[in-house]
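**Q** Okay, here's the prediction I keep looking at, along with the sequence it came from:
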Amino acid sequence: MKGRSYLVSMLAGLLAGIFFVAMTPTVSQAVTKISFWHAMSGRRLPAVERIVNGFNAAHPDIKVEAQFMGKYKEVIAKTIAAVKAGKPPHIAQVYEVGFQTMYDSGAIIPVYKLFKPGEVDFGDVVWPIRDYYSVKGKLYSMPFNSSTAMLYYNKDLFRKAGLDPNRPPTTYKDLERIGKKLVESGVVPYGFSTGWPSWIFEQAHAYHNQYYANHQNGRKGRSTKVYFNKPFGVKYAKTMTRFSNEKVYIFGGREYSANKSFLAQQIAMLIQSTSSVGSIEKAAKGKFELGTTFLPRFEGYPRGNSVIGGATLWVLKGHSKKENAAVKEFLKWIIKPEVTMQWHKDTGYFPVTNSAVKRLLDEGWFSKHPNHLTAFLQILSGVKTPMSQGVRLGNFVEIRNIVQTALEKCFAGTAPPKAALDEAAKKANRVLKEYTELYK
Amino acid sequence: MGSRFPNKILPYVIVAPSVVIVVIFLIVPSIESVYLSLFSVSPFGNKLIFKGFANFITLFRDMEYLNSLSRSLVFTSFIVFVGLAVSLGLAVLANLKLRGAGIYRTALIWPYALSPAVAGTIWALLCDPATGVAVYLVKLITGHTYNWMTSGNLALAIVTLAATWRMLGYNVIFFLAGLQSIPRELLEAAAIDGASPFRRFWKVTFPLLSPITFFLFVMNSLYGFFEVFGLIDVMTQGGPGKATNILVYKLYEDGFVNFRTGFASAQSIVLFVFVAILTIIQFRFAGRRVFYR
């Protein structure tokens, strides 16, 4: 008796299951559908749609379906869940700190393997971008939205404070002097702010040719020890903490929230991703004159380079040959000069290839939009060293968060810079140890 | 035994869908987390290393976890005690026979209709250190500027206020319903016996409200522990300096941002046990005092 009732309940469950399956729409076979999961919101979203629509119009047999999946951290989390469930997307946009995770995932097809040798000229990819995403000279993921950090400033506020609007800070000393002048003259309550504080901290290391972690920043082998609590890191944290106490600097949140203060003219300078140049330029138009310049330097340190941030497109395993061929077509499309030029104009992200840069120059784009050139000149005028090619750490996401917490503690005055960074380094080393253990 | 259901099979068929859902979405994942909590797991789940109870040991040795625990307790107690007190006060006021009472009641219920993301954005904009209205007003009055993005305790206070505010509407609805179901005769009788309004409230209204108060007490505790994720994510992301990193947010970060699945599973089990104990205590002690008519 009992057994039969269980049987019935199981049958009922089965029926419910069949019902749900029947509800899902059937896919037509004629067109190859490619799912592309990304994290581009705001002004970046229509720019992505423009690329995808252009591609779909030119390829009637392929339909790329771009889906906004939330922030970067959500895209990677959803991708992992999808891979585990056996239904990976074809393409996922993953941020630079997710590189090692994707590299070790066993769930991806490296871009260099996807294409036949010579099929795509990767030599045309702007070198700092190509370097960042290559392991032993082989490109792993498709460069898409790359940026670096630069300094934005408000020329009108500089004039109001009696400063030369054409002499923005070059060194941290200048930054302090100018910041103080701006605050003392009552033009703004605070001198400057930054987006992504721990990324800017990483930038500072690369820019001054300092290692962030051992084994050449994790590029020669899996890194096991971080170096950010060495004298340079401490100097940076101490300087910023002093700036914070002097009101030269105000902590402005983790991602883009500082942009708001800059546009509201509550601060006169902003160190932020170059990918904000499009939106800042547009918002500042008619309100104040915008200037941009290279990141400030500490005197007496060797020259490195500012480092690449942003995200790349990873190709996921587990799809048919036909689908992979369609993915290839799409990846070729996004590095076409016209496409990547438009992407650059729409967002401020770097155009991916040198041929696109040349065409932008030929068009006179940079002379009309000098702020879009600043980032380029900065990243191409640096020195190519192992310290400045980008940091590669296991679970970098968590480590970036740990550093973020340490910096917040410095600025809040709850821990002295050296102690905060030492504690963070201890935690980060533990994270690295756990990670390397997994992949021994 | 005489059954109310003459048909032996039908009851199982009716119950089956809920059983299936509970098994698939609750029991199976719970067992899986218990299992995973004993391992160190790679982000994509393709590598597993057995660790025994190491995850739990790390957890209780981790100052950050203990910090997170104490922050959660402060956060939830504020939501429960202050939130319920304020809600009750507002409900009593909204229950008065006033002109336009309907408008007040609707307005009071509004915050609950906002999604956590919207509520979080509103508060974040209000308190923005450079452009926020609240910061500006405080500066006008006291001459000081406050930056909650660098001051941990202030951030916790603001997030707690926001979370409490969002739950107000929910609490007020229940209290209002409770107040309106109190028989007028009882209050009138008390008034005739010469009880002051204050006494009437504490001796008649409050005890009669106790089932609802108790229900809200449990709901608000659960809200404080589990449902504030969205608000924290939008407003502070656990910062600054982990000051608003309450248990459920830490769990999310470790599990879905840092991909330390084993460690996060251990946390979820501890959180589950913790809340289970808390709920039992609530039923044991507070539940006894509840007066059911």
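**A** All right, it came through fine. Numbers count the residues shown, from 1 in each chain, chains lettered A, B, ... in the order given.
**Q** which residue ranges form the strands in the chain?
**A** This is for chain A. For chain A, the strands defined by DSSP state E occupy A:32-38, A:62-68, A:91-95, A:108-109, A:134-135, A:138-139, A:142-147, A:149-154, A:190-194, A:267-273, A:290-293, A:309-316.
**Q** Chain B is the one I meant
**A** Under DSSP E, chain B gives strands at B:39-41, B:48-50.
**Q** what does the average pLDDT come to for the last one?
**A** The predicted model gives strand B:48-50 an average pLDDT of 90.
**Q** That strand pairs with which strands?
**A** Within its sheet, and counting by DSSP bridges, strand B:48-50 is paired with strand B:39-41 (antiparallel).
**Q** Can you check which of the strands of chain B gets nearest to A:Gly286?
**A** Nearest of the strands of chain B to A:Gly286, taken as C-beta to C-beta: strand B:39-41 at 53.1 Å. In this view, the C-beta of every residue, glycine as well, is placed from N, C-alpha and C.
**Q** Show residues contacting that closest one.
**A** Defining contact as C-beta atoms under 8 Å, 6 or more residues apart in numbering or on different chains, one finds that strand B:39-41 is touched by A:434, A:437-438, B:47-51, B:54-55, B:260-263.
**Q** of all the strands of chain A, which lies closest to A:Pro417?
**A** When those are compared by C-beta to C-beta, strand A:190-194 sits nearest A:Pro417, at 16.1 Å.
**Q** Name the surrounding residues that touch the closest one.
**A** By C-beta under 8 Å, 6+ apart, strand A:190-194 touches A:149, A:151, A:175, A:178-180, A:182-183, A:200, A:243, A:247-252, A:258, A:261-262, A:266-272, B:130.
**Q** For chain B, which residue occupies the most central location?
**A** By C-alpha atoms, centre = their mean, chain B has its centre lying nearest to B:Tyr223, at 1.7 Å.
**Q** Please look at it and B:Ile79 and confirm they touch.
**A** Yes - using C-beta atoms under 8 Å, B:Tyr223 is in contact with B:Ile79, at 6.7 Å.
**Q** shared neighbours of those two, anything?
**A** Residues touching both B:Tyr223 and B:Ile79 (C-beta under 8 Å, 6+ apart) are B:Ala163, B:Met167.
**Q** Skip the chain neighbours and tell me the closest residue to A:Gln93.
**A** Nearest in space to A:Gln93, with sequence neighbours left out and distances taken as C-beta to C-beta, 6 or more residues apart in numbering or on different chains, is A:His38 at 4.2 Å.
**Q** my bad, should have said A:Leu313
**A** Spatial nearest neighbour of A:Leu313, chain neighbours left out: A:Met142 (4.2 Å); criterion: C-beta to C-beta, 6+ apart.
**Q** I'd like to know how far the one you found sits from chain B.
**A** Distance from A:Met142 to chain B, counting by C-beta to the nearest C-beta, to the nearest Å: 20 Å.
**Q** How about the residues of the stretch 51-200 of chain B by chain A?
**A** Taking C-beta under 8 Å from any C-beta of the partner chain, the part of the stretch 51-200 of chain B that reaches chain A is made up of B:Ala124, B:Asp128, B:Pro129, B:Ala130, B:Thr131, B:Thr145, B:Asn147, B:Met149, B:Thr150, B:Ser151, B:Gly152.
**Q** taking the residues you listed one by one, which sit in helices?
**A** Among those, the ones falling in helices (DSSP state H) are B:Ala124, B:Gly152.
**Q** now the residues of the stretch 51-200 of chain B next to chain A: which count as buried?
**A** Among these, those scoring as buried are B:Ala124, B:Asp128, B:Pro129, B:Ala130, B:Thr131, B:Asn147, B:Met149, B:Thr150, B:Ser151, B:Gly152 (criterion: 16 or more other C-beta atoms under 10 Å in any protein chain shown).
**Q** from those, which single one is nearest B:Ala190?
**A** Looking across those and measuring by C-beta to C-beta, the closest to B:Ala190 is B:Ala124, at 46.6 Å.
**Q** who are the neighbours in contact with the closest residue to that closest one other than its chain neighbours?
**A** Nearest-residue entry for B:Ala124: B:Met235, 5.0 Å, with adjacent residues in sequence omitted and distances by C-beta to C-beta, 6+ apart. Each residue near B:Met235 by C-beta under 8 Å, 6+ apart is listed here: B:Gly120, B:Trp123, B:Ala124, B:Ala155, B:Ile158, B:Val159, B:Ala162, B:Thr244.
**Q** could the residues you listed go into JSON lines alongside pLDDT?
**A** Formatted as JSON lines, the contacts of B:Met235 follow (pLDDT from 0 to 100):
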{"residue": "B:Gly120", "pLDDT": "91"}
{"residue": "B:Trp123", "pLDDT": "91"}
{"residue": "B:Ala124", "pLDDT": "89"}
{"residue": "B:Ala155", "pLDDT": "91"}
{"residue": "B:Ile158", "pLDDT": "92"}
{"residue": "B:Val159", "pLDDT": "93"}
{"residue": "B:Ala162", "pLDDT": "93"}
{"residue": "B:Thr244", "pLDDT": "91"}
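**Q** Looking at these, which one is closest to chain A?
**A** Closest approach between the contacts of B:Met235 and chain A, by C-beta to the nearest C-beta: B:Ala124, at 7.9 Å.
**Q** wait, what's in contact with that closest one?
**A** B:Ala124 neighbours (C-beta under 8 Å, 6+ apart): A:Ser257, B:Val234, B:Met235.
**Q** quick one: contacts for the first one?
**A** By that I understand A:Ser257. A:Ser257 makes contact with A:Gly195, B:Ala124, B:Asp128, B:Met149, according to C-beta under 8 Å, 6+ apart.
**Q** Restrict stretch A:307-319 to CA atoms and write it as CSV.
**A** Extracted C-alpha coordinates of stretch A:307-319, given in CSV (Å, rounded to 0.1, in the frame of the first residue of the first chain):
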residue,chain,number,x,y,z
VAL,A,307,48.7,48.6,-16.3
ILE,A,308,45.7,47.2,-18.2
GLY,A,309,42.3,46.8,-16.5
GLY,A,310,38.9,45.9,-17.8
ALA,A,311,37.8,42.6,-19.2
THR,A,312,38.3,40.2,-22.0
LEU,A,313,36.0,37.6,-23.7
TRP,A,314,36.6,34.0,-22.8
VAL,A,315,35.4,31.2,-25.1
LEU,A,316,33.8,28.4,-23.2
LYS,A,317,34.1,24.7,-24.0
GLY,A,318,31.3,22.3,-24.7
HIS,A,319,29.8,23.6,-27.9
